[in-house]
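Enquirer: Let me see the structure of the following:
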Amino acid sequence: MAMRVPWDEYEAAILILACVDYNAGKCTKKEAIKNVSQALRKRAENNGITIDDVFRNENGITMQFMLVNELLTQEKCGLRGASKLFINMVGLYKCDRVKFQEILIEMGKTVEIDKRLGEKIDVSDSATAHLAKDNECKEDVVEREHEELEVDKSQIIEAEPPVLALYDIDLYKEEFALILREDYENGFRIKSGIDRDRFKAYYNERFTKEMPLSDEQFLDILKTIGTVREERIYTRHDDEQNDILKQIFENVMLVFQNGATCVYPKAVYHRYQIELIEKLQIYDEEFLGSVLISMSAGKLKKQQTFLCLKDKEADLTGDVLKVLKSSPIPMSYADIQEVMWYIPLDKIKHVLVMTKPIVQVEQETYFFAMNLPISEEEITEVSRLIHCALENKTYITDVELRQLIADNCQGIFTNTLEFTTYGIRNCLAYILRDSYSFNGPIISRIEQELSMAEVFAQYCNEREQVTTEELKIFASEVNNKIIYWDSVRDEMIRISDELFLRHDKVEFAIDEIDSILNDLCEKNYIPLKDIGLFMHFPKLCVQWNRYVLESYLYKYSKKFKLLHASFSASGVFGAVVRQDSGIENYQELIIDVLAHSNQWNEKNSALELLVEQGYQQRKRYADIEKIVHKAKLLREKINTSEK
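Expert: Reported below is the predicted structural model:
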C-alpha cells in the first residue's frame, strides 16, 4: 500500500482556489475536482512520493471540495468534519490574501497553477482598505488555533481515547457511512486487521486527519451504522433498496405459502439479478440467501444449496410432480420454468428425467402420464387390443398401436389427436407398465422384452427378402432411423446395393470358395476392393460381387474373416483377413497396414491412405492418434528387425 500523506497548506490553497473559480462560474464542479486531483497527484510524483489509485483521487477530492466550499460560502453541504488545516487556510484566504499568496510562492509556484484554477489573486487592496478587517480576522484565527492546540494537548495526555460527545459520534457515523458505502461493497470483515488498517487509511485520506479511536470504539460505531451478517458489516439500505428486498422476500414467502417445499437462492438471484447488482450491490446468491434467512425471523433455514421452511423438509420431486399434475396439457421447459422460477432449470430437468410418472411427449416437453385423457374403461380396451395383436406376433410398434386405436376406439383417438405417437406411447408405457413391455416404440409381452437388435433380426427373419429402402422405413418407425446392420447381416445376405436375401435362399460351397481366397490372399490380408473378378468362384443362385463376398466372409468362411470399421449403407469396405493371422480386430488391422506403408507421416495422411486403399469409407476414426502412435512404434520395430 502506498504511504498516506496528510494534506499540507499548499494543497489546501489549491483546493480553495478551485472552489473560488467554481463559485465564479469559471469552471464546472466536475472540472474543478478533476483538475485539483491531477495537479496534486502530479505534485506528489514530482516530489518522489509513491502514490496509488486512492491518493488524492476524484472521490476523495469531492468530499474535501464540499467541505471547503461550505467554509467559503456558508452554504450547507450536508457534511461535517472539515479539518483544522482547511478551517485555517480558508480563514487565511478570507482575511490575509497576501499571506495566502506567499504560501503558494514559498512552495515554488506562482498563483497561476492551472487555467482551471483561475487568474492571479488581486491583493492590491489587502494592506490598505481591508487592513483593519485583516488584522481582526488574524486575531480570530490565532485565538482559534490556540484553543484547538489546547484541546490537542489534553487529548495527548489522555492514556485512553477520549469519551466521544454525542456530536462527535454523529460526525463519525456520517464519515464512516461514506467510506463503508464507497469502499466496502462486499462488506467490512470484523475480524480482519487488514480491513481495519485499510479503513483508517481511507479515513485519513478523505478527511485529512487521524482517527483517535480504539478498535472497540471504531467497531461499535461501524455496527451502529451498518448491518452485520456473517462476520461482516455492510452498508445499510435506503428506502428504495429496502423495498426491493421486501418485494423479493414477499415473493419467496408466497412460493412457500402456495405449497412449495424449497427455493434456490441461485434461481431467485437470477430472476432479480439486475436490481440486486445495480441497486443493492449484491453480487452472489449465497449472500442473497443469507439476507432472506435474516428477514424471515426464523421461518427459513438453509439445507445444502436451497432454502426451506424451518419446520418442513424439502421435496423437490414432489414440487415438480405437483406442477405437472395440475396441468391438463403437456408443458415445455419454458412453461415449467415460468411456474417454478425459484428452481434452477437443471434441477427441474433432473426430476423430469428421473420421475417415472412424468413422461416426455415431445422434444423438451413433458406430461404427467396419468393425465392422458383416457378413462379406465378405455385403458382396459387398449390393453385388450395389444393382447390380441401379440397373439400372432412377438411385438407391435407404437405406429401399429395408434392405428389399432384409430380403427377400434374412436373416442380415444379423438381425445388424443393433439398428442404425438411418441407421446401417447410413453404415456401408455407408464399406465400399462405392469402389463406390457415398452422398449422405445417396440411393444411386447412383459415376460418377452425385446432389444432393438432382436427386433431387427426378427423383422428380417420374417421376410425372404428386404430392400434398403424398407429397412430405412422400418428404422424410422422403431428406432429414430438407425439400422442395426449387424442384426440384418445375421439374417440376410446382401446381393446388391438395394437388395438382401434371407440366408436360407443362398447356398455357398465353403471349401471351394476358401481355396480361391487362399490363392488371392498371398499375405495375412487383402483389401476387399482388390477382389474384383469372380469368374473362378463357384456358381450361386445370385451373381457374385463384393456385397456377396462381404456377406460370405461375415457368416460362412472357415479360414477367412471380414474386418471392417462397420457395415455401410452403400459400398463395401474392409479386408479379407486370414483366421490364423493373429489380427483380431479392425484396429489391429489398420495398425499393421500403416506400419507396413511409407505413404503417410501424420494422422490426416494416414486416414487418406486407409480410405484410398478401401479399408474404410470416410477420413475419420475415433482413436486415430493412438493408431498412428502404435503404427509408428511397430514400423520402427519392423525396420530394426530387418536390419
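Enquirer: low-scoring stretches of the stretch 151-300 of the chain, by residue?
Expert: Residue ranges of the stretch 151-300 of the chain with pLDDT under 70: 151-168, 170, 237-241, 281.
Enquirer: mind listing the strands for it?
Expert: Ranges of strands in the stretch 151-300 of the chain, per DSSP state E, counting those that start in this stretch, are 188-189, 226-229, 232-235, 300-303.
Enquirer: Neighbouring strands of the second one in the sheet, and parallel or not?
Expert: In its sheet, strand 226-229 lies beside strand 232-235 (antiparallel), with partners assigned from DSSP bridges.
Enquirer: Tally up the residues packed near the closest residue to residue 543 other than its chain neighbours, please.
Expert: Residue nearest to residue 543 in three dimensions, not counting chain neighbours: residue 495, with 7.5 Å by Cβ to Cβ, 6 or more residues apart in numbering. Any C-beta I mention is one placed from the backbone N, CA and C, and that applies to glycine too. When neighbours are counted by other Cβ atoms under 10 Å, residue 495 registers 21.
Enquirer: Residue 495 contacts residue 548, correct?
Expert: Yes: the criterion here is Cβ atoms under 8 Å, and residue 495 meets it with residue 548 at 5.8 Å.
Enquirer: Tell me the pLDDT of the residue nearest to residue 543.
Expert: At residue 495, the model reports a pLDDT of 95.
Enquirer: can you tell me which residues contact it?
Expert: Counting by Cβ atoms under 8 Å, 6 or more residues apart in numbering, residue 495 touches 501, 506, 542, 543, 545, 547, 548, 551.
Enquirer: Pull out the buried positions in the helix or strand where the first one lies.
Expert: Counting by DSSP states H and E, the secondary-structure element that holds residue 501 is strand 499-502. Of all the residues in strand 499-502, those buried under the rule 16 or more other Cβ atoms under 10 Å are 499, 500, 501, 502.
Enquirer: With stretch 189-199 instead?
Expert: Across stretch 189-199, burial judged by 16+ other Cβ under 10 Å covers 195, 196, 198, 199.
Enquirer: dump the residue contacts of the first one.
Expert: The reference is to residue 195. Residue 195 is in contact with 184, 188, 189, counting by Cβ under 8 Å, 6+ apart.
Enquirer: ok, back up a step: save the contacts of residue 495 as a markdown table, and put in pLDDT and distance to residue 629 too.
Expert: Below are the contacts of residue 495 laid out as a markdown table (pLDDT from 0 to 100; distance: Cβ to Cβ, whole Å):
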| residue | pLDDT | distance to residue 629 |
| --- | --- | --- |
| 501 | 96 | 43 |
| 506 | 95 | 42 |
| 542 | 95 | 43 |
| 543 | 95 | 43 |
| 545 | 95 | 37 |
| 547 | 96 | 35 |
| 548 | 96 | 37 |
| 551 | 96 | 34 |
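Enquirer: helices or strands next to the strand holding residue 501 in the packing?
Expert: helix 452-461, strand 465-467, helix 468-478, strand 492-494 (3 or more Cβ pairs under 8 Å, 6 or more residues apart in numbering; DSSP states H and E).
Enquirer: Centre of the chain to the very next helix or strand once past that strand, how far?
Expert: Sequence-wise, the next helix or strand downstream of strand 499-502 (DSSP H and E) is helix 510-520. Per Cα atoms, centre = their mean, to the nearest Å, the displacement of helix 510-520 from the mean C-alpha position of its chain is 62 Å.
Enquirer: export helix 510-520 as PDB, just CAs?
Expert: In PDB, the C-alpha atoms belonging to helix 510-520 read as follows (Å, rounded to 0.1, in the frame of the first residue of the first chain):
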ATOM      1  CA  ILE A 510     -17.400 -73.000 -48.500                       C
ATOM      2  CA  ASP A 511     -14.300 -75.100 -49.000                       C
ATOM      3  CA  GLU A 512     -14.100 -74.300 -52.700                       C
ATOM      4  CA  ILE A 513     -14.500 -70.600 -52.100                       C
ATOM      5  CA  ASP A 514     -11.900 -70.600 -49.200                       C
ATOM      6  CA  SER A 515      -9.500 -72.300 -51.600                       C
ATOM      7  CA  ILE A 516      -9.800 -69.500 -54.100                       C
ATOM      8  CA  LEU A 517      -9.400 -66.800 -51.400                       C
ATOM      9  CA  ASN A 518      -6.300 -68.600 -50.200                       C
ATOM     10  CA  ASP A 519      -4.800 -68.100 -53.700                       C
ATOM     11  CA  LEU A 520      -5.800 -64.500 -53.900                       C
END
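Enquirer: Just checking: what are the partner strands of the next helix or strand after that helix?
Expert: Once the chain leaves helix 510-520, the next helix or strand it forms, by DSSP H and E, is strand 525-527. When pairing is defined by DSSP bridges, strand 525-527 lines up against strand 575-578 (antiparallel).
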